[in-house]
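J.: got a predicted model here, sequence first, then my questions.
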Amino acid sequence: MNRKRILVVLAVAALCGLAWFIIQRNSHHGEELKLFGNVDIREVELSFRVPGKLAEVRVDEGDQAKAGELLAVLDAQHYRDARDKAAGDRDAAAANMAKYRAGNRAEEIAQARAQVAQIDAQVKNAATLAKRRELLFKSGAISAQEYDDAVASRDALQAQLQSVRKALQLQNAGFRTEDVQGVAASLRSADAAVAAATTDLNDTKIIAPADGTVISRVREPGAMAEAGATVLVLSLDKPVWVRAYVPEPLLGKVSQGMPVRVYTDSRPDRPYKGVVGFISPVAEFTPKNVETETLRTDLVYRIRIVVNEPDKELRQGMPVTVRAAPAGTTTAKGPGQ
């Protein structure tokens, strides 16, 4: 009997739990979409890619910067000198390349041809002399040494003639392919050195990457700035996002591209228009900096809402409330969606 009572009690408890769960789920389905989050504005830490002495900072904290505006510069004399030296080396390599492409000058070839003709004449004269001395030697008119000297002079001139003829052939053939390729490679290396030096020179300037507000001026003129060390911090005007969180029971009410309204405490009667640009596929616990009407231990999904027309009233970290846009509102994609 006691066992039957226990089973009945357990069954009733299970039914009560199931009923409570269903009621809770239905209560979420019927409620208005109301999410909580914070404004998220991107910040950029601006720095130089190369080290140097900071020569000028043209903006201060709170100043508005426009995309492409020059914000700070280094003392660039060292980098200008390096670029000029690289340009001089490149010009020398280019001149050498032009010489190899043009080949030997006509005057050099003519000079080599004249030298061949000169040695050829000397060879003929030495051969004639050697033949005469051969006859004289056979007749006993001269010594063997005199005959040997004439033959040696003839042979030496013949070897010299072969050498100058080879030189003339090389003059006509021009430079070797390997030499031309080596000079061309040297020119490419010199061009790359000029490009690298020019890049270093350009990197002595900090240019605003986008419209924004200077929120921090870290270094002053005269200070040494290491490569990558922050000089200015820029808060970008766009995109402006809202990082909000939706509990799992309300996840079905949110979809990517859905139009919403973003409310702030300072202007609750003038909401901002926005659109849901991202819904996280991963659940997480509600962050402590987000005020919700449920327990902080509830699992939620992070979403990103792109504000279509932000203004200066939206500031980094500002708490906001997000509600679904009125029915019939056209879906509009915001920047960065």
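T.: Good, I have the coordinates. Numbering: from 1, shown residues only.
J.: so which strand or helix has the closest residue to Thr198 other than its chain neighbours?
T.: What sits nearest to Thr198 in space, not counting adjacent residues and going by CB to CB, 6 or more residues apart in numbering, is Arg83, at 5.7 Å. To be clear about C-beta, it is placed using only N, CA and C from the backbone, and glycine gets the same treatment. Assigned by DSSP states H and E, Arg83 belongs to helix 77-102.
J.: elements contacting that helix?
T.: Judged by 3 or more CB pairs under 8 Å, 6 or more residues apart in numbering; DSSP states H and E, helix 77-102 is in contact with helix 177-202.
J.: mean confidence for the helix it packs on?
T.: Helix 177-202 shows an average pLDDT of 91 in the prediction.
J.: can you name the next helix or strand after it?
T.: According to DSSP H and E, the helix or strand after helix 177-202 is strand 205-207.
J.: how distant is the next helix-or-strand element following that next one from the center of its chain?
T.: From strand 205-207 onward toward the C-terminus, using DSSP H and E, the following helix or strand is strand 212-217. Computed by CA atoms, centre = their mean, to the nearest Å, the separation of strand 212-217 from the middle of its chain amounts to 24 Å.
J.: what's around the spatially closest residue to Ile41 that is not a sequence neighbour, how many residues?
T.: Using CB to CB, 6+ apart and skipping the chain neighbours, the partner closest in space to Ile41 is Gln316 (4.6 Å). If you count neighbours by other CB atoms under 10 Å, Gln316 ends up with 13.
J.: let's see the pLDDT reported for Gln316.
T.: At Gln316, pLDDT is 84.
J.: so it, which state does it fall into?
T.: coil (DSSP: H, G, I helix; E, B strand; the rest coil).
J.: got a list of what the residue nearest to Thr198 touches?
T.: Val194, Ala197, Thr198, Asp200, Leu201 (CB atoms under 8 Å, 6 or more residues apart in numbering).
J.: give the buried subset of these as a ChimeraX selection command.
T.: In ChimeraX syntax, the buried subset of these is picked out as below (16 or more other CB atoms under 10 Å):
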select :194,197,200,201
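J.: tabulate the contacts of Arg83 in CSV, adding columns for distance to Asp269.
T.: Formatted as CSV, the contacts of Arg83 follow (distance: CB to CB, whole Å):
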residue, distance to Asp269
Val194, 61
Ala197, 59
Thr198, 55
Asp200, 54
Leu201, 54
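J.: about what we covered before: just the pLDDT for the residue nearest to Thr198.
T.: 96.
J.: go on, Gly328?
T.: So, for Gly328, pLDDT stands at 62.
J.: how far away is Val123 from Leu136?
T.: Taking CB to CB, to the nearest Å as the measure, Val123 and Leu136 are separated by 20 Å.
J.: these two: who's more crowded?
T.: Val123 (20 against 15).
J.: name the element the more buried one belongs to?
T.: helix 106-139.
J.: please identify the buried residues of the strand or helix carrying Glu284?
T.: In this structure, Glu284 sits in strand 272-285 according to DSSP H and E. The neighbour-count check on strand 272-285 (16+ other CB under 10 Å) flags Tyr272, Lys273, Gly274, Val275, Val276, Gly277 as buried.
J.: the last one against Ile305, yeah?
T.: Yes - the pair Gly277 / Ile305 is scored as a contact, 6.7 Å apart, by CB atoms under 8 Å.
J.: so what sits against both of the two?
T.: Counting by CB under 8 Å, 6+ apart, the shared contacts of Gly277 and Ile305 are Trp241.
J.: okay, now Ile142: neighbour count?
T.: Ile142 has 17 nearby residues by other CB under 10 Å.
J.: with the one 5 residues further on instead?
T.: Neighbour count of Tyr147, defined by other CB under 10 Å: 18.
J.: how much space separates the closest residue to it other than its chain neighbours from Thr213?
T.: Excluding the flanking residues, the one nearest Tyr147 by CB to CB, 6+ apart is Phe137, at 4.0 Å. Phe137 sits 108 Å away from Thr213, going by CB to CB.
J.: ditto for Glu108
T.: 69 Å.
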